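1. can't give you the sequence, but here's the structure:
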């Protein structure tokens, strides 16, 4: 069946993916639909710009693992309704569309999304940028080898930088066009991206030592942005710290994420770094049982040792978020199953990830759950969809946490969706499971 814009008539139909419609209200409430319509993403005579982007989101949000097996998902009318179509298009359309999207379109779209996250107070004063590796299984002659921690080896891949807020979990930025020769500059490109809308909100960057150079740390300092990173341990530094007397190591109790306290030993000093203009605060940390100390360097001389250590310890959130992107949103699978341009796939993955984070925030008791858990507990559901004159009623089959989801969806019941001819989207439960 050919994908066309849906003509709304009074009808009932079943769907294997009705839970997907919960995101439609979030997208509308945040103004993302209007943003997509005003973007410069491509469109065709058959499928407009908004429906095109929602087609990709439908696949991302529904955790479909085998995109190439389109006979499994493209005929489900619930996925089609999410995008304002009768059914989702087949794989050939997805591949063709993605190759019309340019890097400038992606960056411009992420920039506009950035303003939405700022306006909704979803970005704190701290951002954790980090690299991740996306393996590629096709012709890899044009690719560089990058280290993949997941596979514990270097392989032909695309190097990607992601920047995540540690409080909300929102991923604010992504760039899949990182080469070895320019990877140390990527942090400066992110700062330019962020400060285009706001010069005051970004106060702290927390990142791994391999992200950039000492020279670029100096440039970050000149922009009045604080940074926090790990200094690489040379044998010279290790030998120096071995000579520090025990009485000079200060015992500090750190509050951990599990509400337990842990004792560590800290030795602090001011140092100079090659090609860095000014002084650097160096905090050396020893933990019982660890042979070599960890070394944190920062240009912040005001925060306490306790806060500095905790701030860096939270970096695991960005690593967890990256790992989840690869597993749930299939950044390392699309290249082999359905040929999608990686930079566009990254943009859609970032948006899908953020929608799951926003859904988790609405489901307050589950705000710390992963996208996989939110999908399994709430979104993965079958049911009926009734299209009426003024409403579209989504009836979900019984699940253990369905009542909680329905309570959350009631908050959005007065939102009219222009793409659905200003119908309200309502949710209720079926008597069957």
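-> Cool, got the structure. Computed from a predicted model, the values in this text were never measured in an experiment. Numbering: from 1, shown residues only.
2. Low-confidence bits of this structure, can you list those?
-> By pLDDT under 70, the low-scoring segments of the chain are 1, 65-72, 135-143, 146-156, 199, 255-260, 289-291, 316-339, 433.
3. centroid residue for it?
-> By Cα atoms, centre = their mean, the chain has its centre lying nearest to residue 171, at 3.6 Å.
4. So it is in contact with residue 356, correct?
-> No. Taking contacts as Cβ atoms under 8 Å, residue 171 lies outside contact range of residue 356: 10.6 Å. To be clear about C-beta, it is placed using only N, CA and C from the backbone, and glycine gets the same treatment.
5. ok, how many other residues are close to residue 343?
-> 20 (other Cβ atoms under 10 Å).
6. I'd assumed it was in a helix, is it?
-> Yes. In this structure, residue 343 lies within a helix as judged by DSSP: H, G, I helix; E, B strand; the rest coil.
7. thought it was touching residue 176?
-> Yes. Using Cβ under 8 Å as the test, residue 343 is close enough to residue 176 to be in contact (4.2 Å).
8. which non-adjacent residue is nearest residue 185?
-> Sequence neighbours aside, residue 216 is the residue nearest to residue 185 in space, at 7.1 Å (criterion: Cβ to Cβ, 6 or more residues apart in numbering).
9. can you count the residues close to the one you found?
-> Counted with other Cβ under 10 Å, the burial measure for residue 216 works out to 19 neighbours.
10. Tell me the buried residues in stretch 30-47?
-> In terms of neighbour count (16 or more other Cβ atoms under 10 Å), stretch 30-47 has its buried residues at 30, 32, 33, 35, 36, 39, 41, 42, 43, 47.
11. can you redo these as CSV with secondary structure and distance to residue 388?
-> Supplementary listing: the buried residues of stretch 30-47 in CSV, determined by DSSP: H, G, I helix; E, B strand; the rest coil; distance: Cβ to Cβ, whole Å:
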residue, secondary structure, distance to residue 388
30, coil, 26
32, helix, 25
33, helix, 21
35, helix, 28
36, helix, 26
39, coil, 31
41, coil, 31
42, coil, 33
43, coil, 29
47, coil, 25
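12. Looking at those, which is nearest residue 181?
-> The shortest distance between residue 181 and any of the buried residues of stretch 30-47, using Cβ to Cβ, involves residue 41 and amounts to 29.6 Å.
13. gap between that closest one and residue 118?
-> Applying Cβ to Cβ, to the nearest Å, the value for residue 41 to residue 118 is 22 Å.
14. and if you look at residue 180?
-> For residue 180, the distance to residue 118 equals 32 Å [Cβ to Cβ].
15. which one of these two has more residues nearby?
-> Neighbours per residue, other Cβ under 10 Å: of residue 180 and residue 118, the larger number sits with residue 118, 15 against 10.
16. what helix or strand is that one on?
-> With elements delineated by DSSP states H and E, residue 118 resides in helix 103-119, which encompasses its position.
17. Then residue 307?
-> With DSSP H and E as the criterion, the answer for residue 307 is helix 305-313.
18. Against which helices or strands is the helix or strand that the helix holding residue 118 is followed by packed?
-> Downstream of helix 103-119, the next assigned helix or strand under DSSP H and E is strand 126-135. In terms of contact count using 3 or more Cβ pairs under 8 Å, 6 or more residues apart in numbering; DSSP states H and E, strand 126-135 is assigned the packing partners strand 144-148, strand 153-164, strand 171-178, helix 186-195, strand 204-207, helix 316-328.
19. could you give the angle of the third one to helix 103-119?
-> So the one you mean is strand 171-178. Angular relation of strand 171-178 and helix 103-119 on a 0 to 180 degree scale: 160 degrees, by axes from the mean of the first three to the mean of the last three Cα atoms, to 10 degrees.
20. Repeat that for the fourth one.
-> Angular relation of helix 186-195 and helix 103-119 on a 0 to 180 degree scale: 60 degrees, by the same axes, to 10 degrees.
21. List the buried residues for helix 186-195?
-> Within helix 186-195, the residues that qualify as buried are 186, 187, 189, 190, 191, 193, 194, counting by 16+ other Cβ under 10 Å.
22. need those residues in JSON lines with distance to residue 269, can you?
-> Formatted as JSON lines, the buried residues of helix 186-195 follow (distance: Cβ to Cβ, whole Å):
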{"residue": "186", "distance to residue 269": "30"}
{"residue": "187", "distance to residue 269": "25"}
{"residue": "189", "distance to residue 269": "32"}
{"residue": "190", "distance to residue 269": "30"}
{"residue": "191", "distance to residue 269": "28"}
{"residue": "193", "distance to residue 269": "34"}
{"residue": "194", "distance to residue 269": "31"}
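23. Thanks a lot, catch you later.
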